[in-house]
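Participant: Dropping the sequence and predicted coords here.
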Amino acid sequence: MSLVQVTDLFVEFGDLRAVDGLSFRLEQGAALALVGESGSGKSTVASALLGLHRGTGARVGGSIEVAGTDVQQASDDELRRLRGAKAAMVFQDPLSSLDPYYAIGDQIAEVYRVHTRVSRRAARARAVEVLDRVGIPDAPRRSRSRPHEFSGGMRQRALIAMALACEPALLIADEPTTALDVTVQAQILDLLHALREETGMGLLLVTHDVGVAAESVDEVLVMRHGRVVEHAPVADVLEAPTEAYTRTLLAAVPRVDVRRTPPGALSESVTGGSGSLLPDASAEGRKALSPGAGAAVPPEGASGHGGVAFSGDLAPGARAVPAGAGAAVSPEGVSGDGGVLSSGSSVQGARDVPSGEGSAVSPGRASGDGGVVSSGASARAARADVPGGPAEGPEADSPATGAENARGVSAGASGDVVLEASGLRREFGRGKRAFAAVDDVSLTLRRGETLGIVGESGSGKTTLGRMLVGLLQPTTGEVRYEGHARVGVNPAVQMVFQDPVSSLNPRRSVGESIADPLRARGERDERGIRRRVTELLERVGLEGAHYDRYPHEFSGGQRQRVGIARALAADPRVIVCDEPVSALDVTTQAQVVALLGELQRELGLALVFVAHDLAVVRQVSDRVAVMRRGRIVESGPADEVYGTPQDPYTKQLLAAVPALDPQVAARRRAARRELAAA
Amino acid sequence: MSGFAGFALRRAMGAVITLLAISVIIYVVFYATPGNVAQITCGPRCSPEQVHQVAQQLKLDDPLYLRYWHFLEGIVVGQDYSTGTSVEHCSAPCLGQSYQSDQQVTQIILTKLPVSLSLVVGAMVLWLLMGVGTGVLSAWRRGRISERALTGLTLAGISTPVFVIGLLLMIVICGQLELLPFPEYVSLTDDPEQWAWGLLLPWFTLALSEAAYFARLTRASMLETLAEDHIRTFRAYGVGERSLVGRHALRGALAPIIALNANDFGSAVGGAVLIESLFGLPGIGQELVHAVNVVDLPVVVGMVLVIGFFVVLANAVADVLYAVADRRVVLT
């Protein structure tokens, strides 16, 4: 007998058919992932397995059998005996999924006592036991904590402990890691994996993240509009999807191990051959001399590949010193820098980078040293060395154009700094409770470039973003826009917020929201405003007629487009995007990211892209800074940081990213296990 | 517990400042308004000399700030008063002396306060039981006929003036059916049984009108909590509806109930005038109305301060309860 057998399931909410004729089986001990975008009906299926639609007004048809219980026919009491005891569910948001008013141990004990007739004491002991099993340190004591005293990962462990309490045959995990950081996500997935090996329970994993599925299940069922698109073993789905939809879904997944693909037309010339990269890069160098086209604007070619040539500056002390010093000492050092250039495309580095080009790299690096460098002294030392070294030294005989370009790049680069932050520190709380959310962070942002800021929750990245736009005043340090220190918000620096739902006023039409920045700067001509807003709406891929619609009429991706349009309304030079796509599906994510790239190229915008998702950041960023506990632990050109991470924390982050290849995933899991054991 | 001690201290200081502010405002409002207090106090047939004498006796010619200072002094250390023929000592906390009678304000309040507190505390127990109970029931039975009936009832409770309810109850229960004696205040220390019987009807009347608000608030905030994710979690783990509603949802709905209760309790101590008048209960509210009518300013000021004290106290208690109900709240 199968553990789960669903036949011709449909679920209707009013006129909406959320699940439409779905059938699947799950054998004892097996693991199946339901993968789909939001609105595909996957969570509805998960709820249906436990009969949770009963009494909600939803119509459920077809047959559902879970662990020997016919969910459709079962009485309320039979259903309650199924829930938690034979099939337990782990929910997405571990904070809101636990009762804030009771101790965690008590909540688990309560659930345990519903299904077993044991004493309060015994139930409490069982709660401690399962909490210990899921890796809560000092479980007897922590079981008396309330949910808000736990971190996100610990809460999710506690929920899993609750699920384990009655030793169910089936675990339903509904987006169990979506709300978690990547390292915590890896831990939770590893825990689920280990528990499954240990207890032999079946797993139904509901997720929008194909990467999460790849790590955890045997089979994948891809859903769309409530129907099955594809259902096959995980390796088949990932490596040889038969359906077009599955392929687009996979294509939209940002890959952390793939370097940035420059958006737009020039990507063709880039893919045309890696040999063409170099001319591109030097062309960029020339372009940098001409006003308007900033060295960094060229998302084309340069930013993605040769991009390193002018964005080498990001180096934090540790990185800057060896690189810079190497350049100063010998031509080998310089070609080492060329190596940086080629780290992404080795062909080009080996074959094409002449020493002159190498020198072009190093001054560029030197000039930009203000970069994200936080330990100024060593970096400055490196800068002092470089111009005296390769630029004037062994490369003196290098082709003149090369040297010219080099200067062009450096001059253009330093002149194009739009936003500069130095020694930013921001404290919250007073007295003994004070802590620094951001601590001594410095960075520069040049016109047209994208600076990615990655970090886990609590790393201070949002606080940093808010200081950059002037929504928060730094405790110490300053933010300079085009060389001028400023206080308060600046229309030239705009922000796109994380949650497109709550960042738009639901009571005002989107047109009104977009018009806000225009009115704020004193625009009074109603027709002009309307014309401009219509233009903006069209610019971000919506329709001008949407002016009078309200936010709830839009999907998440569309609302984020509205948010972008609002940011554009003030004609900004810089946009700080705070987790702009983290609330969106992968496909929508890809579209919004593409839109940002397009706008950047057309308008010469500089972007600061704050996100926790390493893969997304890699896809959009020229340079990347990794934040931890309010500090930047590592920074540099994206390919460098991702290709050869130096800081242990960066390495840890990268190791935790779910792999799309199940074999790679298994290898990484083994590696993590070793690391944990060591 | 040091956190709690700190909270209590800060709260007490806040209360003192609040009460000082209230006293200043009351003092200015009543004493600085036009009208010859001495004339009113003395009576319409007093000669100008007598009025002048009264004014001197009441120190009405002193500047306002000086009188206010003496008033504060009286609260802290007590005060000596001249009644014209003798000097009387009024020990701290002295709120002054009535213009109309020779009674000290503190004494007047001490005789009226037990009546008001008896009424309000008893009624509060009832309104919480009835209001929260009704709210929980109607949240649980949402959409069914029983819930509609309850909602209708609470609407009727809110919209019917309290004196109408009270009169009807009194006429039907005491007059027609003779189930209860007509309400009368008997001190709790004299005869607890008579005390309770005498107050039963006033309690119900006051509670009925208040309970309606509590029922609506409870229902709304229960429905909100019932829609939260953690309720879904426990439902998905086979926890029964009774436990979901009674244990999890009610706990989450408590906070606003506590807040509303603090306000209503505090204001009912001085504000249940209608009930007190209707049932002939010699409470603070009635006395206050009387004192305002005869411009007995010391009594007015003293009583307003006492009422303010209860409002502040009730809110401080609410804050503590708040923190007990929800451990995420830190008392600062």
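Facilitator: It's in.
Participant: Break chain B down into its domains, please.
Facilitator: Under the assignment automatic domain parsing, the domains of chain B span B:2-104, B:106-325.
Participant: Pick the most buried one from those domains.
Facilitator: domain B:106-325 (a mean of 19; mean count of other CB atoms under 10 Å in any protein chain shown). For every residue, glycine as well, the C-beta is placed using N, CA and C.
Participant: tell me the SS of A:Val479?
Facilitator: Here A:Val479 is recorded as strand under DSSP: H, G, I helix; E, B strand; the rest coil.
Participant: Just the pLDDT at it, thanks.
Facilitator: Looking at A:Val479, its pLDDT stands at 90.
Participant: Pull the contacting residues for it.
Facilitator: For A:Val479, the contact set (CB atoms under 8 Å, 6 or more residues apart in numbering or on different chains) comprises A:Leu419, A:Glu420, A:Ala421, A:Leu424, A:Met467, A:Leu468, A:Gly470, A:Ala485, A:Arg486.
Participant: What are the buried residues along stretch A:164-175?
Facilitator: For stretch A:164-175, burial by neighbour count (16 or more other CB atoms under 10 Å in any protein chain shown) applies to A:Leu164, A:Ala165, A:Cys166, A:Pro168, A:Ala169, A:Leu170, A:Leu171, A:Ile172, A:Ala173, A:Asp174, A:Glu175.
Participant: near chain A, which residues of chain B show up?
Facilitator: Within reach of chain A by CB under 8 Å from any CB of the partner chain, chain B has these residues: B:228-230, B:232-240, B:243, B:248, B:251-252, B:325-328.
Participant: Sitting in strands, which of the residues you listed do you find?
Facilitator: Judged by DSSP state E, strands contain none of the residues of chain B next to chain A.
Participant: ranges for the helices of the stretch 51-200 of chain B?
Facilitator: Along the stretch 51-200 of chain B, counting by DSSP state H, counting those that start in this stretch, helices occupy B:64-77, B:105-140, B:145-159, B:162-169, B:192-226.
Participant: ok, now the stretch 351-500 of chain A?
Facilitator: Taking DSSP H, counting those that start in this stretch, the helices of the stretch 351-500 of chain A run over residues A:355-367, A:376-386, A:400-415, A:461-469.
Participant: returning to what we had before: redo the helices of the stretch 51-200 of chain B as TSV? Include mean pLDDT and distance to A:Ala436.
Facilitator: TSV is the format used below for those (pLDDT from 0 to 100; distance: least, CB to CB, whole Å):
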stretch	mean pLDDT	distance to A:Ala436
helix B:64-77	84	46
helix B:105-140	90	45
helix B:145-159	82	51
helix B:162-169	85	56
helix B:192-226	88	36
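Participant: Indicate which one of the ones you listed is closest to B:Pro183.
Facilitator: helix B:192-226 (4.9 Å; CB to CB).
Participant: that older thread, could the helices of the stretch 51-200 of chain B go into TSV alongside distance to A:Glu129?
Facilitator: Below are the helices of the stretch 51-200 of chain B laid out as TSV (distance: least, CB to CB, whole Å):
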stretch	distance to A:Glu129
helix B:64-77	61
helix B:105-140	34
helix B:145-159	42
helix B:162-169	57
helix B:192-226	30
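Participant: who wins for proximity to B:Val306 among the ones you listed?
Facilitator: Nearest to B:Val306, of all the helices of the stretch 51-200 of chain B, is helix B:105-140, at 5.6 Å by CB to CB.
Participant: what's the closest one packed up against?
Facilitator: The contact analysis (3 or more CB pairs under 8 Å, 6 or more residues apart in numbering or on different chains; DSSP states H and E) places helix B:105-140 against helix B:145-159, helix B:192-226, helix B:250-271, helix B:273-279, helix B:284-293, helix B:297-325.
Participant: where are the low-confidence patches of the stretch 351-500 of chain A?
Facilitator: Along the stretch 351-500 of chain A, the model assigns pLDDT under 70 to residues A:351-415.
Participant: Repeat the analysis, applying 50 as the threshold.
Facilitator: A:351-413 (pLDDT under 50).
Participant: Nearest to chain B within it, name that residue for me.
Facilitator: Sorted by distance to chain B under CB to the nearest CB, the residues of the stretch 351-500 of chain A start with A:Arg433, at 10.0 Å.
Participant: Now do that residue against B:Ser209, distance only.
Facilitator: A:Arg433 is 44 Å from B:Ser209, where distance means CB to CB, to the nearest Å.
Participant: Please state the offset of the helix or strand where A:Arg667 lies from the chain centre?
Facilitator: Using DSSP states H and E, A:Arg667 maps to helix A:662-677. Put simply, helix A:662-677 sits 22 Å off its chain's centre (CA atoms, centre = their mean, to the nearest Å).
Participant: quick one: contacts of it?
Facilitator: A:Ala186, A:Asp190, A:His193, A:Ala214, A:Glu215, A:Val234, A:Ala235, A:Leu238, A:Ala655, A:Ala656, A:Pro658, A:Ala659.
Participant: Of those, keep whichever come out buried.
Facilitator: Among the contacts of helix A:662-677, those buried by neighbour count (16+ other CB under 10 Å) are A:Ala186, A:Asp190, A:His193, A:Ala214, A:Glu215, A:Val234, A:Leu238, A:Ala655, A:Ala656, A:Pro658, A:Ala659.
Participant: Now do the residue in the stretch 51-200 of chain B positioned nearest to chain A, the pLDDT please.
Facilitator: Closest contact between the stretch 51-200 of chain B and chain A, by CB to the nearest CB, is at B:Gly143 (9.9 Å). Note for B:Gly143: predicted pLDDT of 75.
Participant: Over to B:Val28?
Facilitator: 85.
Participant: likewise the one 4 residues further on?
Facilitator: Per-residue confidence (pLDDT) for B:Ala32: 77.
Participant: ok, now how distant is the closest residue to it other than its chain neighbours from B:Val304?
Facilitator: Closest residue to B:Ala32 apart from its sequence neighbours, by CB to CB, 6 or more residues apart in numbering or on different chains: B:Leu64 at 6.2 Å. Here the criterion is CB to CB. By it, B:Leu64 lies 17 Å from B:Val304.
Participant: what about A:Ser43, how many neighbours?
Facilitator: 22 (other CB atoms under 10 Å in any protein chain shown).
Participant: pLDDT of the helix or strand containing it, averaged?
Facilitator: Using DSSP H and E, A:Ser43 sits in helix A:42-49. Across helix A:42-49, pLDDT averages out at 92.
Participant: So in terms of bridging, what pairs with A:Val496?
Facilitator: A:Cys577 (DSSP bridges).
Participant: which ones are touching it?
Facilitator: A:Gln560, A:Gly563, A:Ile564, A:Ala567, A:Ile575, A:Val576, A:Cys577, A:Asp578, A:Pro580.
Participant: Which pair of those spans the longest distance?
Facilitator: Checking these with CB to CB, the most distant pair is A:Gln560 and A:Val576, at 14.4 Å.
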